[in-house]
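Undergrad: Pasted the sequence and its predicted model underneath.
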Amino acid sequence: MSIENIVRGVAGTFILLSLALSRLHHEYWLLVTAFVGLNLLQSAFTGICPMVTILKKLGFKENASCCK
């Protein structure tokens with residue numbers, strides 16, 4: 001599995017989980033959704049993604065279509 005796919009999967013999981021928790025527990029869980037969205041937005045402009053850095057240090061490989 002490539003880093004790009006892992007990042008998308010983790011972001012989607014965090015968004016869906018925080019939406020569910022905001023409905024079941026407390027609306028402050030929507031702050032997690034906002035954080036993920038802001039992180040995705042800033043990485044689109046800067047090309048820097050903390051999750052990619054962490055995954056590279058863990059030994060995951062990126063494919064040719066993944067941003068560098």
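TA: Here it is on my side, so go on.
Undergrad: Got the phi and psi for the closest residue to residue 55 other than its chain neighbours?
TA: The spatially closest residue to residue 55, leaving aside those adjacent along the chain, is residue 3, at 4.9 Å (Cβ to Cβ, 6 or more residues apart in numbering). Using the backbone N, CA and C atoms, a C-beta is placed for each residue, glycine as well. Phi and psi for residue 3, reported as degrees, to the nearest 10, are phi -60, psi -40.
Undergrad: in the lowest-mean-pLDDT helix or strand in the chain, what's buried?
TA: In the chain, no helix or strand scores lower on mean pLDDT, DSSP states H and E than helix 50-57, which sits at a mean of 91. Neighbour-count burial for helix 50-57 flags 51, 52, 55 (criterion: 16 or more other Cβ atoms under 10 Å).
Undergrad: now the residues you listed in a markdown table, with distance to residue 39?
TA: Output for the buried residues of helix 50-57, formatted as a markdown table (distance: Cβ to Cβ, whole Å):
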| residue | distance to residue 39 |
| --- | --- |
| 51 | 8 |
| 52 | 11 |
| 55 | 14 |
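Undergrad: what's the residue closest to the geometric middle of the chain?
TA: Centroid-nearest residue in the chain: residue 11, 3.3 Å away (criterion: Cα atoms, centre = their mean).
Undergrad: That one contacts residue 40, doesn't it?
TA: Yes - using Cβ atoms under 8 Å, residue 11 is in contact with residue 40, at 6.2 Å.
Undergrad: wait, what's in contact with the residue nearest to residue 55?
TA: Residues near residue 3 by Cβ atoms under 8 Å, 6 or more residues apart in numbering: 52, 55, 56, 60, 61, 62, 63, 66.
Undergrad: Repeat that for residue 63.
TA: Residue 63 touches 2, 3, 4, counting by Cβ under 8 Å, 6+ apart.
Undergrad: Likewise for residue 21?
TA: Here residue 21 is in contact with 29, 32 (criterion: Cβ under 8 Å, 6+ apart).
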